[in-house]
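>>> coords below, sequence missing:
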């Protein structure tokens, strides 16, 4: 919906609140990070018994589709690949750089989130042991601490090439995975609380959980549909995502039972492939169908619009504004037919969008009764 829905909604004359809501869809990456921490903790708690089996399970889950997407995208890659960049991408380390670097967008734009996720996987066994030793009261303190970091730093809006002059200078050299780590840890902490309180969920009437879900969804929509929302307030949306994941994991909730249905389970299982293959598929369609040139529904269109039209009150541009012009120029040059200057002009008007996207970790590890689909 973020990659295509925002442009379509804007051209269709949809209410501005709906367009803004869809333009903020890049925060779906935060859902993925928080949900990933929650699911892995639920699956492997209290500890990872075999690091070898854990590594193999993670590899088998993400790398085959990842490699397939790279091979499909290689002939239509937007930028040239040198050997160093290719090795980084194949090793899923392209986003292990300071957030100001654009290297995370190399080869396949959305793959930067998997590079960050791999760093989380490496840290997970040690983090799980550490968090399992925390007493219950300390878990709540940890949730408050992670929430404060996410909100104060607006970390959920940091992506490769972000223009964030509001952040202190000492943050700039920190690798991107470390800046996004609080979202993953938040999911882990919330899951630990969920496991401790599982026996208490049945004591509360079903309507309380349903009401809580409705209120949380309403707050999320309100924040995402408000124009010129501060990065800090968008960080609050990430915290609300964590609350929503907790609520939807309770079997008593009506929405959680709906999400456990067979069609939504199947859709969740395919969501990872949809997320990663959408960019190569789109590029091949543009090669095969010459008329399929960048328009407002293009994934890259969202960023240029955000960088130009939704600057925060304190001045910094929207995330990932830095690579906007580079990708726009590369796309225009790649799509400009030699015999048709007008076509090149149309391509040059293609706008650039944020690199994140809604994706969920649809894993077989996740219990059917606690299914969560996005």
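That came in fine, so what should we check first? For clarity, every value in this text was computed on a predicted model and none was experimentally measured.

>>> give the buried residues for the longest helix anywhere in the chain.
In the chain, taking DSSP state H as the definition, the longest helix is helix 262-288. Under the neighbour-count criterion of 16 or more other Cβ atoms under 10 Å, helix 262-288 has 267-268, 271-272, 275-280, 282-283, 286 buried. Using the backbone N, CA and C atoms, a C-beta is placed for each residue, glycine as well.

>>> so the residue lying closest to residue 90 once chain neighbours are set aside: helix, strand or coil?
Nearest residue to residue 90, sequence neighbours excluded (Cβ to Cβ, 6 or more residues apart in numbering): residue 70, at 7.3 Å. When classified by DSSP: H, G, I helix; E, B strand; the rest coil, residue 70 comes out as helix.

>>> need the pLDDT of residue 70.
In this prediction, residue 70 carries a pLDDT score of 95.

>>> and the two most separated of the buried residues of helix 262-288?
Farthest-apart pair in the buried residues of helix 262-288 is 268 and 286; separation 28.7 Å (Cβ to Cβ).

>>> looking at the chain, which helix or strand does the model trust least?
In the chain, no helix or strand scores lower on mean pLDDT, DSSP states H and E than helix 324-335, which sits at a mean of 37.

>>> after the host helix or strand of residue 139 comes which helix or strand?
For residue 139, the enclosing helix or strand under DSSP states H and E is helix 136-153. Using DSSP H and E, the helix or strand that directly follows helix 136-153 along the chain is helix 176-196.

>>> buried residues of that next one, list them for me.
Per 16+ other Cβ under 10 Å, helix 176-196 contains these buried residues: 176-177, 179-192, 194.

>>> quick check: angle from it to helix 136-153?
Angle of helix 176-196 versus helix 136-153, following axes from the mean of the first three to the mean of the last three Cα atoms, to 10 degrees, is 150 degrees.

>>> and helix 176-196, what does it pack against?
Judged by 3 or more Cβ pairs under 8 Å, 6 or more residues apart in numbering; DSSP states H and E, the packing partners of helix 176-196 are helix 28-44, helix 112-132, helix 136-153, helix 231-248.

>>> by contact count, what packs against the last one?
It stands for helix 231-248. Helix 231-248 packs on helix 28-44, helix 136-153, helix 176-196, helix 206-224, helix 254-259, going by 3+ Cβ pairs under 8 Å, 6+ apart.

>>> distance from it to the middle of the chain?
13 Å (Cα atoms, centre = their mean, to the nearest Å).

>>> could you give me the average pLDDT of that helix?
On average, helix 231-248 scores 93.

>>> now the third one
For helix 136-153, mean pLDDT is 94.

>>> which other helices and strands does that helix contact?
Counting by 3+ Cβ pairs under 8 Å, 6+ apart, helix 136-153 packs on helix 176-196, helix 231-248.

>>> pLDDT below threshold where in the stretch 101-250 of the chain?
The stretch 101-250 of the chain contains no residues with pLDDT under 70.

>>> try it again with 90
In the predicted model of the stretch 101-250 of the chain, residues 132-137, 162-169, 197-209, 226-233 satisfy pLDDT under 90.

>>> what's next to the helix holding residue 139, contact-wise?
Applying Cβ atoms under 8 Å, 6 or more residues apart in numbering, the contact partners of helix 136-153 are 131, 134, 155-156, 167, 171, 179, 182-183, 185-186, 189-190, 192-193, 196, 232, 235-236, 238-239, 242.

>>> try 6 Å
182, 185-186, 189, 192-193, 196, 232, 235-236, 238-239 (Cβ atoms under 6 Å, 6 or more residues apart in numbering).

>>> got CSV for those, with distance to residue 123 too?
Shown next, in CSV, are those (distance: Cβ to Cβ, whole Å):
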residue, distance to residue 123
182, 12
185, 9
186, 14
189, 14
192, 16
193, 20
196, 22
232, 25
235, 21
236, 25
238, 19
239, 21
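
>>> among these, which pair sits farthest apart?
For the contacts of helix 136-153, the farthest-apart pair by Cβ to Cβ is 196 and 232; their separation is 29.6 Å.

>>> check the offset of the helix holding residue 139 from the chain's centre.
For helix 136-153, the distance to the chain centre is 20 Å (Cα atoms, centre = their mean).

>>> list the buried residues for that helix?
Buried, per 16+ other Cβ under 10 Å, within helix 136-153: 139, 142-143, 146-147, 149-151, 153.

>>> what residues sit buried inside stretch 14-21?
Per 16+ other Cβ under 10 Å, stretch 14-21 contains these buried residues: 18-21.

>>> do the same with stretch 114-130
Quick answer for stretch 114-130 (16+ other Cβ under 10 Å): 114-121, 124-125, 127-128.

>>> repeat for stretch 244-262
In stretch 244-262, counting by 16+ other Cβ under 10 Å, buried: 244-253, 255-256, 259-260.

>>> hang on, isn't residue 31 packed against residue 240?
No. At 10.3 Å, residue 31 does not count as touching residue 240 under the criterion of Cβ atoms under 6 Å.
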